[in-house]
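Peer 1: Give me a 3D structure for the following:
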Amino acid sequence: MTLRATLPDLDALDHGALKTLICIQHEQLLSQSEELLTKNEQLASREVEIEHLKLLIAKLRRMQFGRSSEKLDRKINQLELRLEELQGSQPESKTVASGSAEIAPVTRPVRRPLPDHLPRETRKYPPKQEACPDCGGELKHVGEDVSEILEYVPERFKVIRQVRPKSACTGCARIVQAQAPSRPIERSFAGPGLLAHVLVSKYCDHLPLYRQSEIYAREGVELDRSTLADWVGGTSRLLEPLVEALRRHVMAAEKLHGDDTPIPVLAPGNGKTKTGRLWTYVRDDRPAGDTTPPAVWFAYTTDRKGEHPKEHLSKFTGILQADGYAGYDQVYVGGRIQEAACLAHVRRKFYDLYVAHKSPVAAEALERIAALYAIEKEIRGRLPDQRRETRNVRSRPLMESLKQWLEETLLKLSKKSLTTKAIRYALGRWDALLRFCDDGRIEIDNNAAERSLRAVVLGRKNFLFAGSDAGGERAAAIYSLIGSAKLNGIDPEAYLRNVLSCIADHPINRIEELLPWNLATSAEPERSQVA
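Peer 2: Take a look at the predicted model:
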């Protein structure tokens with residue numbers, strides 16, 4: 001339509017201009033054809049890999065029958081997870097242009113009727129009009145449309161029947177009916193509570209989708225793993241604006257805790273794994289008496305290069321409390337971001353030495369560090385100025401004494417001993433370790449970031465790896481929302497249920513209203529009502 005509207009008058013063009021116009025149109029058609037061919041090849045490749053994985057899983061399950069093999073179980077679990085990731089990514093690129101090379105249709109599980117044994121809850125949506133909007137005539141009931149969605153409330157399924165009565169005008173036969181309620185995922189029968197339960201089960205309770213499918217089947221509800229994967233993919237895309245709003249809130253802080261952890265990711269094509277990375281950035285100033293809501297934002301990368309934290313923190317200005325990873329060094333260049341080190345990392349090295357060898361040097365180091373933590377326990381929750389004053393009076397002398405003792409002890413030890421390495425680690429970061437005495441906003445350690453990674457570490461033991469880079473990005477997004485809800489004392493499932501109930505219709509310029517602390521007052525009542 002647009003091309004036709006802007007097409008020049010062909011009768012007014014001379015031979016050369018007309019030839020030029022035809023050449024331009026030909027080049028555009030060739031370019032569009034190449035783009036479509038590339039997309040179709042990608043779709044075909046994905047479908048081939050899905051079918052290959054299904055066959056391989058079936059073959060391994062036949063091999064598994066009649067014997068127990070931990071290695072074989074692990075291989076099957078890995079392939080199941082890769083299949084989940086592929087199926088979860090499918091909705092992003094389903095469209096195939098007409099006229100392009102044909103691709104075998106995607107095999108989808110047939111949608112079964114929702115089980116009759118589940119309890120039904122009927123919700124009616126009568127039309128808003130009390131009279132015919134055309135002529136003002138009286139309306140009479142002439143029928144209704146009924147659709148069903150599968151919903152989940154804690155510990156049980158139920159079916160919600162959405163009934164929309166139809167009314168017809170007695171004067172002009174105009175039909176009036178309420179608009180169908182929007183759903184989190186268009187054309188899906190999954191309710192917001194069920195979607196929230198699937199996400200929390202996968203990313204908080206560490207249950208892969210194929211295990212969830214087996215659990216639901218025991219309750220008489222057949223939900224194919226590919227269906228669940230579609231829901232996870234669709235929900236994560238729906239939540240993208242909210243995760244971005246969460247990132248902006250985190251990066252607006254004056255002080256952040258940062259850390260990262262490896263996650264094995266299946267490398268496409270060869271069935272082997274590579275090592276991806278999940279980075280965490282925590283905003284939590286409650287120990288310094290700040291009332292700003294705490295939050296955590298996760299980011300996924302394919303490796304651990306220092307360019308990643310530099311990019312993540314490109315607009316952040318303030319204090320970064322992190323470990324001694326060299327990749328952070330380029331973040332501190334220029335002074336826009338100030339380094340604060342972690343005394344817990346120092347303590348951990350001495351603790352490992354004490355557990356292994358009952359080292360008296362390690363024992364004394366632990367006692368000295370424990371005295372510093374005792375002071376921090378007393379001043380937790382006080383304002384930054386009060387914390388700084390107390391630290392300068394009580395903690396700074398202990399830190400100076402600790403440094404002097406470490407330097408004196410270092411002279412008595414072998415240069416190759418593990419105790420020497422632990423002492424050098426502490427002395428090499430001393431200025432950054434001492435910085436908490438000069439600024440009451442800074443914590444003595446980076447435990448806030450390490451706590452945020454616990455769910456990832458537990459999930460990693462069950463999941464074995466992420467099925468793809470896209471799966472790692474989805475995990476980072478959902479971990480961000482779940483982790484932030486937990487930091488604010490909110491049940492993550494109740495929070496996600498509330499968000500998914502309204503985000504599809506929520507104005508994008510008011511997305512901050514759906515952040516965990518803004519929905520805290522409404523999430524808990526709904527939870528108690530459902531229970």
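Peer 1: Tell me the gap between stretch 185-198 and the middle of its chain.
Peer 2: Its chain's C-alpha centre and that of stretch 185-198 lie 17 Å apart, by Cα atoms, centre = their mean, to the nearest Å.
Peer 1: hmm, who's touching that stretch?
Peer 2: For stretch 185-198, the external contacting residues (Cβ atoms under 8 Å, 6 or more residues apart in numbering) are 111, 114, 148-153, 157, 160, 183-184, 209, 212, 228, 230-232, 234-235, 238, 493-501, 530. Just so you know, the C-beta spots here come from the backbone N, C-alpha and C atoms, and that holds for glycine as well.
Peer 1: Just the buried residues from those, in PyMOL please.
Peer 2: PyMOL command restricting those to the buried ones, with burial defined by 16 or more other Cβ atoms under 10 Å:
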select buried, resi 114+148+149+150+151+152+153+157+160+183+184+209+212+228+230+231+232+234+235+238+493+494+495+496+497+498+499+500+501+530
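Peer 1: Run a quick neighbour tally on the closest residue to residue 351 other than its chain neighbours.
Peer 2: Leaving aside its sequence neighbours, residue 351 sits nearest to residue 366 (Cβ to Cβ, 6 or more residues apart in numbering; 6.3 Å). Burial of residue 366 is recorded as 15 neighbouring residues (other Cβ atoms under 10 Å).
Peer 1: so which helix or strand takes in residue 366?
Peer 2: helix 360-379 (DSSP states H and E).
Peer 1: Show me what that helix packs onto, helices and strands only.
Peer 2: If you count contacts as 3 or more Cβ pairs under 8 Å, 6 or more residues apart in numbering; DSSP states H and E, helix 360-379 packs onto helix 343-357, helix 384-390, helix 396-410, helix 418-428.
Peer 1: mean confidence score for it?
Peer 2: Model confidence over helix 360-379, given as mean pLDDT, is 95.
Peer 1: Now do that helix against helix 418-428, angle only.
Peer 2: 40 degrees (axes from the mean of the first three to the mean of the last three Cα atoms, to 10 degrees).
Peer 1: how distant is helix 360-379 from the center of its chain?
Peer 2: Distance, centroid of helix 360-379 to centroid of chain: 36 Å (Cα atoms, centre = their mean).
Peer 1: Just the buried positions in that helix, please.
Peer 2: Result for helix 360-379 [16+ other Cβ under 10 Å]: buried residues 361-362, 365, 368-369, 372, 375-376, 379.
Peer 1: Next: stretch 409-418.
Peer 2: Those would be 410, 418, for stretch 409-418 by 16+ other Cβ under 10 Å.
Peer 1: which residues are in contact with it?
Peer 2: In contact with stretch 409-418 (Cβ under 8 Å, 6+ apart) are residues 353, 361, 419-420, 423-424, 427.
Peer 1: could I get those residues as TSV with distance to residue 143?
Peer 2: Formatted as TSV, the contacts of stretch 409-418 follow (distance: Cβ to Cβ, whole Å):
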residue	distance to residue 143
353	79
361	85
419	83
420	85
423	82
424	81
427	82
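Peer 1: out of those, which are buried?
Peer 2: For the contacts of stretch 409-418, a burial check counting by 16+ other Cβ under 10 Å picks out 353, 361, 419-420, 423.
Peer 1: my guess is residue 508 meets residue 242, correct?
Peer 2: No. The pair residue 508 / residue 242 is not scored as a contact, 9.9 Å apart, by Cβ atoms under 8 Å.
Peer 1: Neighbour count: the two, which is higher?
Peer 2: Between residue 508 and residue 242, residue 242 has the larger neighbour count (other Cβ under 10 Å), namely 22 against 9.
Peer 1: For that one, list the residues it contacts.
Peer 2: By Cβ under 8 Å, 6+ apart, the neighbours of residue 242 are 481, 499, 503, 511, 514-515.
Peer 1: just residue 476 next, same as before
Peer 2: Taking Cβ under 8 Å, 6+ apart, one finds 278, 298-300 in contact with residue 476.
Peer 1: Repeat that for residue 140.
Peer 2: Contacts of residue 140 were listed using Cβ under 8 Å, 6+ apart, and they are 167-168, 170.
Peer 1: ok, and the helix or strand in the protein with the lowest average confidence?
Peer 2: helix 2-6 (a mean of 47; mean pLDDT, DSSP states H and E).
Peer 1: who are the neighbours of the next helix or strand after that one, in terms of helices and strands?
Peer 2: Counting by DSSP H and E, the element after helix 2-6 in chain order, helix or strand, is helix 15-64. Counting contacts by 3+ Cβ pairs under 8 Å, 6+ apart, helix 15-64 packs against helix 70-89.
Peer 1: Show me what the helix or strand just after the helix it packs on packs onto, helices and strands only.
Peer 2: Using DSSP H and E, the helix or strand that follows helix 70-89 towards the C-terminus is strand 120-124. In terms of contacts (3+ Cβ pairs under 8 Å, 6+ apart), strand 120-124 is packed against strand 156-169.
Peer 1: one step back: so which of the buried residues of helix 360-379 comes closest to residue 456?
Peer 2: Nearest to residue 456 among the buried residues of helix 360-379: residue 376, at 26.0 Å, using Cβ to Cβ.
Peer 1: Tell me which residues touch the nearest residue to that closest one once chain neighbours are set aside, please.
Peer 2: The shortest distance from residue 376 to any non-neighbouring residue, by Cβ to Cβ, 6+ apart, is to residue 444 (5.0 Å). By Cβ under 8 Å, 6+ apart, the contact set of residue 444 is 343-344, 372-373, 376, 436.
Peer 1: quick one: residue 444 and residue 495, what's the gap?
Peer 2: Residue 444 is 31 Å from residue 495, where distance means Cβ to Cβ, to the nearest Å.
Peer 1: What of residue 392?
Peer 2: With Cβ to Cβ as the criterion, residue 392 and residue 495 are 41 Å apart.
Peer 1: what's the answer for residue 146, then?
Peer 2: 31 Å.
Peer 1: With residue 205 instead?
Peer 2: In terms of Cβ to Cβ, residue 205 sits 15 Å off from residue 495.
Peer 1: Next: residue 143.
Peer 2: For residue 143, the distance to residue 495 (Cβ to Cβ) stands at 39 Å.
Peer 1: Same question for residue 431.
Peer 2: Residue 431 is 41 Å from residue 495, by Cβ to Cβ.
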